[in-house]
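Engineer: coords below, sequence missing:
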């Protein structure tokens, strides 16, 4: 199978197609290059707002990137640089009085229907609209708020929040939803026309009613204002911390330690694990533990489940035409299955995510070992993922009486805000260890869960060791690593023979995989799916930035594997604290108690009309193995 495309910044071709002049500087230009691309390559600044290079998104709607152009032949014009092709012989000016006047006017018009209640905005202190206003020299506006329409805040979604009064119609959110999660999701749309146009929700009156949104939060990553944000639970976290009757148990996801550094001005990919622990202890956390531990438990359960499936397939003689199983660690992907492809539910592993496994054990085994009243425990998880908020509230994970295992979920950005509220800085905090090896000591396999391919590789480390006992243990599986949208590998598992696996990130890439499964043509026994670019390190709750899908993700991923290589234990089944869990409490992977606490069921949540419409769209855009188009 040919690889799908994945979300990356556009590459330069390097083929010179002539020369043009920008601000009096002669520069080489490349075939099909825009004025903005050429200017950036030459180090010449042009302010932008709606444009987002990593998405190849240049709608020209904000009209802030205006430049003056003189073409060969004498034509003069003022054009948007993001979507105007640069041609040989062009003379371009980026700072003329007329250009600067028009840019300021465009910003005034953007503020004319913008809600400027900045103090309560999710982007307060980090607003691209304000930054661009400064770039164009806007000092004030007689139009500010003049045509502001009353648009109610939509807080009906489990994890997301929409404030229409702050939307500038840049269309980034619509583009990223379609590009990353595919046309079968395409949850966001543009409604109405002219000054009445607004972002809406396909087939739903509000966000909470959407039958296709998977709550991945990628729209919040690219929104330049506070129009789309993640539901903020910082105050709730403080209420839990300040209640003397409660014992707060915090779990830190593998991706958090390599992603949060950017929020404090540290280089992308800096591992600040010990400083995150120190910050939480300063805030009053009773126990700070590591989700990498429960990632190892996930592998014990999912690996056992998968080996049982393969043994059954061998006994039935169906190894060559396998019944494909999918991982279930990513809640965005689980939402996709339930909403968009419910016929895939039988193919989904029943093993809960590491977050859900940690929380279930923290409410059952942990109080017995530490002598804590189970009713007093509140589990707070810090995740790179917005869909984890949705997962924590899932009815299918609730205990008797509707009690939740995971009481609260904070994203990486929320944790950064919480830390900054108390004047703490990860750059200067001393490192502290996690509280106890219990529910903390982890393997390198647990760490690589942070990256696309990590769940599969962690499973293969354990499955390979169990099925090839006479061989030197194989640790690294390079074929399932890297930024490609779809990766494949063949792994020999003893008497089971060769097992074919695949790794997918971004749901736009999984649509074709699902179609092959439906037609009985899929060659894979086991497939990992992550909804976000490059997996959890690219989650919707991680730090924002125009370089997120370029240098930042690459740096985070590099650190993930560097941490893995330094871990004393590299495979989940070798983790002594995981072995202790089974010896003291669960008995064995796949036991009755393990199934009760660590596995779950799923339910169809599709809207048939919208699903069929989306499939027609999928056909029209020719979503093929060769890549996304349209």
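Structural biologist: Everything's here; your move. Just so we're clear, the structure is a prediction, and the values are computed from it rather than from any experiment. Numbering: from 1, shown residues only.
Engineer: going forward, measure contacts between C-alpha atoms and count neighbours the same way
Structural biologist: OK.
Engineer: need the pLDDT of residue 1.
Structural biologist: The per-residue pLDDT reported for residue 1 equals 44.
Engineer: after the helix or strand residue 388 falls within, next one along is what?
Structural biologist: Per DSSP states H and E, residue 388 falls inside helix 387-392. Later in the chain than helix 387-392, the nearest helix or strand by DSSP H and E is strand 408-411.
Engineer: partners of that following strand in the sheet?
Structural biologist: Strand pairing for strand 408-411, using DSSP bridges, gives strand 377-383 (parallel).
Engineer: could I get the pLDDT score of residue 371?
Structural biologist: Residue 371 is given a pLDDT of 94.
Engineer: now swap in residue 629 and tell me
Structural biologist: pLDDT recorded at residue 629 is 29.
Engineer: do residue 44 as well
Structural biologist: Model confidence at residue 44 (pLDDT) stands at 96.
Engineer: got it, and the one 5 residues further on?
Structural biologist: Predicted confidence (pLDDT) for residue 49: 95.
Engineer: residue 511 versus that one, what's the distance?
Structural biologist: Counting by CA to CA, to the nearest Å, the gap from residue 49 to residue 511 is 31 Å.
Engineer: go on, residue 213?
Structural biologist: With distances taken as CA to CA, residue 213 is found 15 Å from residue 511.
Engineer: flag the shaky bits of the stretch 301-450 of the chain, pLDDT-wise.
Structural biologist: Within the stretch 301-450 of the chain, no stretch has pLDDT under 70.
Engineer: that one: helices as residue ranges?
Structural biologist: If DSSP state H, counting those that start in this stretch is used as the criterion, the helices of the stretch 301-450 of the chain fall at 331-339, 354-362, 365-370, 387-392, 412-421, 444-447.
Engineer: which element follows the last one toward the C-terminus?
Structural biologist: On the C-terminal side of helix 444-447, the closest following helix or strand by DSSP H and E is helix 454-467.
Engineer: which other residues reach the helix holding residue 388?
Structural biologist: Helix 387-392 has contacts (CA atoms under 8 Å, 6 or more residues apart in numbering) with 158-159, 214-217, 331-332, 356, 404-410.
Engineer: so residue 396 sits right up against residue 602, yeah?
Structural biologist: Yes: counting by CA atoms under 8 Å, residue 396 touches residue 602, with 7.1 Å between them.
Engineer: can you classify residue 474 as helix, strand or coil?
Structural biologist: The three-state assignment at residue 474 reads coil, by DSSP: H, G, I helix; E, B strand; the rest coil.
Engineer: in the helix or strand containing residue 296, what counts as buried?
Structural biologist: If you go by DSSP H and E, residue 296 is part of helix 291-316. Neighbour-count burial for helix 291-316 flags 291-307, 309-310, 313-314 (criterion: 16 or more other CA atoms under 10 Å).
Engineer: repeat that for stretch 163-177.
Structural biologist: 163-177.
Engineer: how about the helices of the stretch 301-450 of the chain, which one is nearest residue 589?
Structural biologist: helix 354-362 (12.8 Å; CA to CA).
Engineer: okay, now the unreliable bits of the stretch 501-630 of the chain?
Structural biologist: In the stretch 501-630 of the chain (pLDDT under 70), the answer is 606-630.
Engineer: one more time with 50, if that's ok
Structural biologist: Applying pLDDT under 50 to the stretch 501-630 of the chain flags residues 608-630.
Engineer: now the strands for it?
Structural biologist: Assigned by DSSP state E, counting those that start in this stretch, the strands in the stretch 501-630 of the chain fall at 526-530.
Engineer: quick one on the thing from earlier: can you list the helices of the stretch 301-450 of the chain in CSV and add mean neighbour count and distance to residue 226?
Structural biologist: Output for those, formatted as CSV (neighbours: other CA atoms under 10 Å; distance: least, CA to CA, whole Å):
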stretch, mean neighbour count, distance to residue 226
helix 331-339, 26, 22
helix 354-362, 25, 28
helix 365-370, 14, 39
helix 387-392, 25, 19
helix 412-421, 20, 14
helix 444-447, 31, 32
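Engineer: I'd like those helices laid out as TSV, including distance to residue 379.
Structural biologist: Shown next, in TSV, are the helices of the stretch 301-450 of the chain (distance: least, CA to CA, whole Å):
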stretch	distance to residue 379
helix 331-339	18
helix 354-362	6
helix 365-370	11
helix 387-392	10
helix 412-421	15
helix 444-447	20
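Engineer: got the contact list for residue 251?
Structural biologist: 288-291, 355, 358, 379-382.
Engineer: residue 213 and residue 511 - which one has more neighbours?
Structural biologist: Each of residue 213 and residue 511 has its neighbours counted (other CA atoms under 10 Å); residue 213 has more, 25 against 22.
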